[in-house]
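Participant: coords please:
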Amino acid sequence: MKARVDRKAILAAAGLLTVLSLLLAGALLLSRWEEGGFPARESTAPEPAPEDDGELVFYDGTWYAPRRDLETVLVLGLDRSEREGIGTTGDYAQSDLMLLLEIDRTAGVCRAVHLNRDTMAEIQDFDRYGRPSGTYRAQLTLAYAHAQAYTKNNTTACKTAVKAVSELLYGVEIDHYVTLTMDGLMELNDLAGGVEVEIRDDFSAVDPTLVRGETVTLLGEHALNYVRARWYVGDNTNLERMERQREYLLALQEKLSGLAEKDEEFIMSSLLRVNEHMNSDCTIQQLVQLAEDVRTFPVERISTLEGEALQGAEFMEFHADEEALQRLVIEDFYQPAED
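Facilitator: The predicted structure is shown next:
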């Protein structure tokens, strides 16, 4: 995603970025972290499997095969501003927003799975030299953070997050990744001329200019404080912050869409400004195809993980309901195997 690309490629990539923003907002709207899980059910001995290459799985009395007609993109919204840097192994850039986009070309639809950042999962560990060193169980958001802190390599961090999400979803293949930092969000915010919101929480400990009860237009650092602050704001929970982010993203999307409709050059200039704050393994050609698919395919649904949020020894932990998780994976990423 460099500046020296042709107009068609820029517009296609910009279109993809716009749709991904919409999906992120939709994921926040449909978040259901407070729901409880289902009781565990007893497993049933599988029937003889059809001839396969070891990839078939047995679920609820039926053999299933992985779908080959899906393309998946892991979208990560990072809570770190590049200007703050990554100084020590404890200075993490966490992926506060995690969305797995599915493009189903057979059905001609898009789907997405919104992942709770606090989901407990097995993630890659590293030694002090940045070399892989086993795994440990922690919040999913730390998959990117831990790898970046110990390796100082954004690509390694992205791949580590992809691996963690894939393993959480029982080995689902993830084709690409896209990340956007807080600086990128501020760029979009200011390009849009700011976003108007009503301040409903007490931000006095974080940003005294954000006064509860007032309606303000967020610009620059104030926009970052509004969407990022969690500790010492309100009840300190991520759920409350997500409500704030939902309101903000919807307002931002409305302003960006309105400006894009009036001026095609706005989309191009916005993409080039945000480009330096993004990281992806997609080529321009892949972005063109993804953008075309996302533009033309309706969003069928945005799923969230079911489970239970609990206070851990230090931080909040989300424990996914395994039965519901298996069902989601089968429904989205598998199809009945042919005999």
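Participant: what about the one residue sitting closest to the centre of the chain, distance to Thr209?
Facilitator: Note on the chain: the residue nearest the mean C-alpha position is Met98, at 2.0 Å, using Cα atoms, centre = their mean. Met98 sits 30 Å away from Thr209, taking Cβ to Cβ, to the nearest Å as the criterion. Heads up, the C-betas are built off the backbone N, CA and C, glycines and all.
Participant: do Glu122 as well
Facilitator: Glu122 sits at a distance of 42 Å from Thr209 (criterion: Cβ to Cβ).
Participant: check Ala149 too.
Facilitator: Plainly put, Ala149 is 31 Å away from Thr209 if you go by Cβ to Cβ.
Participant: between the two, point out the one with more neighbours.
Facilitator: A side-by-side neighbour count of Ala149 and Thr209, using other Cβ atoms under 10 Å, places Ala149 first with 20 against 14.
Participant: is that one located within a helix, as I assumed?
Facilitator: Yes: counting by DSSP: H, G, I helix; E, B strand; the rest coil, Ala149 is part of a helix.
Participant: where does it land on pLDDT?
Facilitator: pLDDT recorded at Ala149 is 88.
Participant: can you pull out the strands in the stretch 101-250 of the chain?
Facilitator: 109-115, 120-126, 132-139, 176-180, 195-198, 215-218 (DSSP state E, counting those that start in this stretch).
Participant: which one, of these, ends up nearest to Gln335?
Facilitator: Closest approach to Gln335 among the strands of the stretch 101-250 of the chain (Cβ to Cβ): strand 109-115, 14.0 Å.
Participant: tell me which stretches of this protein form helices.
Facilitator: With helices called from DSSP state H, the chain shows them at 7-29, 142-151, 154-168, 182-191, 221-228, 238-262, 264-275, 284-296, 322-333.
Participant: now distance to Ala309 too, for these, in TSV please.
Facilitator: As requested, the helices of the chain are exported to TSV (distance: least, Cβ to Cβ, whole Å):
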stretch	distance to Ala309
helix 7-29	16
helix 142-151	16
helix 154-168	16
helix 182-191	24
helix 221-228	20
helix 238-262	8
helix 264-275	32
helix 284-296	31
helix 322-333	14
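Participant: and these: which comes nearest Thr135?
Facilitator: Using Cβ to Cβ, the helices of the chain put helix 154-168 closest to Thr135, at 8.9 Å.
Participant: got the contact list for the closest residue to Leu305 other than its chain neighbours?
Facilitator: Nearest residue to Leu305, sequence neighbours excluded (Cβ to Cβ, 6 or more residues apart in numbering): Ala320, at 4.8 Å. Residues in contact with Ala320, defined by Cβ atoms under 8 Å, 6 or more residues apart in numbering, are 37, 116, 119-120, 168, 305-307.
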